[in-house]
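Peer 1: Fold the following and give me the result.
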Amino acid sequence: MPYDKCPQALAKRFGKTERFVLGRLRLANLAEPIFQALRSGEITLDVAKAYAATGDADRQAQVFEQMEASYYGHTVNEIRRQLATGSYKGGDPKALLVGRDAYLAAGGRVETDLFSDSATEIWCDGELVERLAAEEMTAAASALREREGFAQVRTVTSSSIPYSETFRMARVEPVATPFEPKAQARHDEIVTRLEEIETEASEAGEYTNEQLGELDALNEEMEALVGASLQLTPDQRAGAIAYLLIDAEGKPHLHHECFAVEPEIDEDSGDGDDGCGEDEAADFDGARTVGGSDEAAEPEESYSMRLLDELATMKTELLAVHVANDPRFALDLATFIAADRATCRGWNAMPSELRADAAAARIQGFVSETVAAHKWADLEDALDRSWCEHTYMAERFDAFCALDDGLRGAWLGWAVARSLHSVPYGQAGADFLDHLGRALEIDVSTWWRPTARNFFDRLTKPKILDLFEAIGGVELRNRHASARKFDLAVSAERLFAGEAVIEAELKERAAAWLPAPMKFSSASAPPGEAAEGEIESPEPEEDLPEAA
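Peer 2: Next up, the predicted model:
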């Protein structure tokens, strides 16, 4: 290339940086559909830059086609996320844990993003990053176990423990130890100040904004002091399972909870009953009542049809994951559905397609991105497909039967779960899905929380403020009354995720709240009935334009 046309010379001629010139060259080499969309004004320059994060035109075109068909359209963050699938960014915690030098020394490839800093460069070899991160975590776990005396130290190469990893495990509760002299003195100061604020507020008849702010800060500091005093004894550590995670800066850190070592199960004992006991069967059958419930009615919640479809989809994903992880339940469910369809000749609202065909998507292009959706993808990836490699059906059948019980059970759970329909709240079949969720004892609030994207953006500002008032009274509502709708939705997401700094009781209520269409409620009556003491959910606005 002649010098006068090289990036350095062009940058000097036009008074730009070389990086700027390289970025524009990358834009000029965008995949043809993307370049045409930019030229015609269908996408913005920022969107085009997101596609140009990779120089692979085929990959650009593939993601562009996906975004064209998606419900949310061309969004910068989603484009970058899709382009990075199967790879890692330089600022990802796993990448930070491994380190750039170690990754390159192991043969890793890096694709530089010309439109942002080094934290967003793409590390192309995701499997290599996974392997190196696992090796780092294993070494750190071994050292931690040796130093702290835990029975086991398990590693999770993420910032949180998957729910399915620990939900059946018993937690080891730490023991309160005496405060250090300095901590004891600070504890006494906080208690004294809290009493002073309470007295001042009682005399004035209300708290001032300054007092409320100080109360939040003091209570948070008190929680930290008490938490620091809770320690596991050496005997507890010797019988405990600890988890080592990765923090946002890519450093291994110990999870705040430990769990008891699972007792070994004697396979020859008769304790593991293959079927439901009499009490369990009675409880399950008792939950079959239709049209009545011991719980009080829930206040009416009126939602747009679009939002009901989305909530039904996310809720059924949650149900499907639990069905798929309980093969015995799935087998019982499959047998019931087949018998019910054969014996009930009239109209049947059974929400299932027990031919193992995947139920049709209720909404085209909608991607929920819930924990359950990711769990479902992991479950599908883990299925043993070795029997599919045979040419003849008889050979495939024999190979499938040769799999062990656990692998065949995983296929059974998958086949039944994928047939479940998404049924909007209050429509025929929704009560049966609710019954299944109760039978599986699904804790929805652990798996799904309302966010700005999946819920609050669809509500009007007054309706969101109504929820704030239901949680924390007029004072909490007024505190956010002047916020913009966008900021209010983000604040609501933090509040109902239990991340807002408010009183412990209010935080607990907010973290447990769910809109009625996401509950596996105990009543099969149409919308308008709620359990006693439930917070009323506001009525969302009508369907928003696609651009919203």
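Peer 1: Longest strand of the protein, counting residues only.
Peer 2: strand 240-246 (DSSP state E).
Peer 1: Pairing partners for the following helix or strand past it, with directions?
Peer 2: Moving toward the C-terminus from strand 240-246, the next helix or strand (DSSP states H and E) is strand 252-254. Strand 252-254 pairs in its sheet with strand 240-246 (antiparallel), by DSSP bridges.
Peer 1: and the partner strand, what's its mean pLDDT?
Peer 2: For strand 240-246, mean pLDDT is 93.
Peer 1: Ok, stretch 450-461 next?
Peer 2: pLDDT averaged over stretch 450-461 gives 85.
Peer 1: Between the two ends of that stretch, what distance do you get?
Peer 2: Start-to-end span of stretch 450-461 (C-alpha to C-alpha, to the nearest Å) is 15 Å.
Peer 1: where's that stretch relative to the chain centroid, distance-wise?
Peer 2: Distance of stretch 450-461 from the chain centroid (C-alpha atoms, centre = their mean, to the nearest Å) equals 16 Å.
Peer 1: Can you pull out the residues in contact with that stretch?
Peer 2: Contact with stretch 450-461 is made by 304, 306-307, 310-311, 314, 368-370, 464, 485-486, 488-490, 492-493, 496-497, 513-515, 518, 538, 540-541, 544, 548, as judged by C-beta atoms under 8 Å, 6 or more residues apart in numbering. (Glycine included, C-beta is placed from N, CA and C.)
Peer 1: Whichever of those residues end up buried, select them in ChimeraX.
Peer 2: Restricted to buried positions by 16 or more other C-beta atoms under 10 Å, the ChimeraX selection for those reads:
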select :306,307,310,311,314,368,370,464,488,489,490,492,493,496,513,514,515,518,538,540,541
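Peer 1: quick one on the thing from earlier: report the distance from the longest strand of the chain to the chain centre.
Peer 2: Strand 240-246 sits 20 Å away from the centroid of its parent chain (C-alpha atoms, centre = their mean).
Peer 1: Equivalent analysis for stretch 165-182, please.
Peer 2: Computed by C-alpha atoms, centre = their mean, the chain-centroid distance of stretch 165-182 equals 26 Å.
Peer 1: buried residues in that stretch?
Peer 2: Across stretch 165-182, burial judged by 16+ other C-beta under 10 Å covers 166, 172, 174, 179.
Peer 1: Please flag which of the residues you listed sit within strands.
Peer 2: The strands, defined by DSSP E, take in Val172 from those.
Peer 1: how about the buried residues of stretch 165-182 in CSV, adding distance to Lys507 and pLDDT?
Peer 2: Output for those, formatted as CSV (distance: C-beta to C-beta, whole Å; pLDDT from 0 to 100):
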residue, distance to Lys507, pLDDT
Thr166, 22, 81
Val172, 24, 89
Pro174, 21, 87
Phe179, 25, 84
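Peer 1: Going by distance to Ser386, which of the buried residues of stretch 165-182 wins?
Peer 2: Nearest to Ser386 out of the buried residues of stretch 165-182 is Thr166 (C-beta to C-beta; 30.2 Å).
Peer 1: Please tell me how far the closest residue to that closest one other than its chain neighbours sits from Tyr103.
Peer 2: Spatially, and ignoring its direct neighbours in sequence, Thr166 is nearest to Phe259 (5.9 Å; C-beta to C-beta, 6 or more residues apart in numbering). Remark: distance between Phe259 and Tyr103 (C-beta to C-beta, to the nearest Å) = 32 Å.
Peer 1: do Glu503 as well
Peer 2: 46 Å.
Peer 1: Would you mind telling me which of the two has the busier surroundings?
Peer 2: Per other C-beta atoms under 10 Å, whichever of Glu503 and Tyr103 has more neighbours is Tyr103, with 21 against 15.
Peer 1: how long is stretch 227-244 end to end?
Peer 2: End to end - C-alpha to C-alpha - stretch 227-244 spans 19 Å.
Peer 1: Could you give me the buried positions within that stretch?
Peer 2: Buried-residue list, stretch 227-244, by 16+ other C-beta under 10 Å: 229, 232, 236-237, 240-244.
Peer 1: Then stretch 405-419?
Peer 2: 408-419.
Peer 1: what does stretch 73-82 give?
Peer 2: Buried positions in stretch 73-82, judged by neighbour count with 16+ other C-beta under 10 Å: 74, 78-80, 82.
Peer 1: Now for the closest residue to Leu311 other than its chain neighbours: which residues touch it?
Peer 2: Leaving aside its chain neighbours, Leu311 sits nearest to Pro517 (4.2 Å; criterion: C-beta to C-beta, 6+ apart). By C-beta under 8 Å, 6+ apart, the residues touching Pro517 are 301, 303, 307-308, 311-312, 315, 424-425.
Peer 1: Most neighbours out of the residues you listed, which is it?
Peer 2: Lys315 (30 neighbours).
Peer 1: so where does that one fall, helix or strand?
Peer 2: Short version: Lys315 belongs to helix 305-324, going by DSSP H and E.
Peer 1: Only the C-alpha atoms, please, for that helix, written as CSV.
Peer 2: This file holds the C-alpha atoms of helix 305-324, laid out as CSV (Å, rounded to 0.1, in the frame of the first residue of the first chain):
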residue,chain,number,x,y,z
MET,A,305,-52.4,-9.4,26.4
ARG,A,306,-48.8,-9.0,25.2
LEU,A,307,-47.5,-8.8,28.7
LEU,A,308,-49.6,-11.8,29.8
ASP,A,309,-48.1,-13.8,26.9
GLU,A,310,-44.6,-12.8,27.9
LEU,A,311,-45.1,-13.6,31.6
ALA,A,312,-46.8,-17.0,30.7
THR,A,313,-43.8,-17.8,28.5
MET,A,314,-41.2,-17.1,31.3
LYS,A,315,-43.3,-18.9,33.9
THR,A,316,-43.7,-22.0,31.7
GLU,A,317,-39.9,-22.0,31.1
LEU,A,318,-39.5,-22.1,34.9
LEU,A,319,-42.0,-25.0,35.2
ALA,A,320,-40.3,-26.9,32.3
VAL,A,321,-36.9,-26.7,34.0
HIS,A,322,-38.3,-28.2,37.2
VAL,A,323,-40.2,-30.9,35.3
ALA,A,324,-37.1,-31.8,33.3
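Peer 1: before we move on, back to that, what secondary structure does the residue nearest to Thr166 sit in?
Peer 2: When classified by DSSP: H, G, I helix; E, B strand; the rest coil, Phe259 comes out as strand.
Peer 1: Look up which residues are beta-bridged to it.
Peer 2: Following DSSP bridges, Phe259 is listed with bridge partners Arg171, Ile241.
Peer 1: Which residues are in contact with it?
Peer 2: Counting by C-beta under 8 Å, 6+ apart, Phe259 touches 166, 169-172, 240-241, 243.
Peer 1: Distance to Asn454 for those - can I get that in JSON lines?
Peer 2: Output for those, formatted as JSON lines (distance: C-beta to C-beta, whole Å):
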{"residue": "Thr166", "distance to Asn454": "25"}
{"residue": "Met169", "distance to Asn454": "29"}
{"residue": "Ala170", "distance to Asn454": "32"}
{"residue": "Arg171", "distance to Asn454": "29"}
{"residue": "Val172", "distance to Asn454": "34"}
{"residue": "Ala240", "distance to Asn454": "36"}
{"residue": "Ile241", "distance to Asn454": "33"}
{"residue": "Tyr243", "distance to Asn454": "28"}
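Peer 1: so which of those comes closest to Tyr88?
Peer 2: Tyr243 (21.7 Å).
Peer 1: got a list of what the closest one touches?
Peer 2: By C-beta under 8 Å, 6+ apart, the contact list for Tyr243 reads 153-156, 161, 166, 254-255, 257-259.
Peer 1: burial of Ser352, as a residue count?
Peer 2: Per other C-beta under 10 Å, the neighbour tally for Ser352 reads 22.
Peer 1: do the same with Thr199
Peer 2: Number of residues near Thr199 (other C-beta under 10 Å) recorded here: 10.
Peer 1: helix, strand or coil for it?
Peer 2: Relying on three-state DSSP, one would call Thr199 helix.
Peer 1: how far away is it from Glu503?
Peer 2: 18 Å.
Peer 1: before we move on, what about Glu221?
Peer 2: From Glu221 to Glu503 the distance is 15 Å (C-beta to C-beta).
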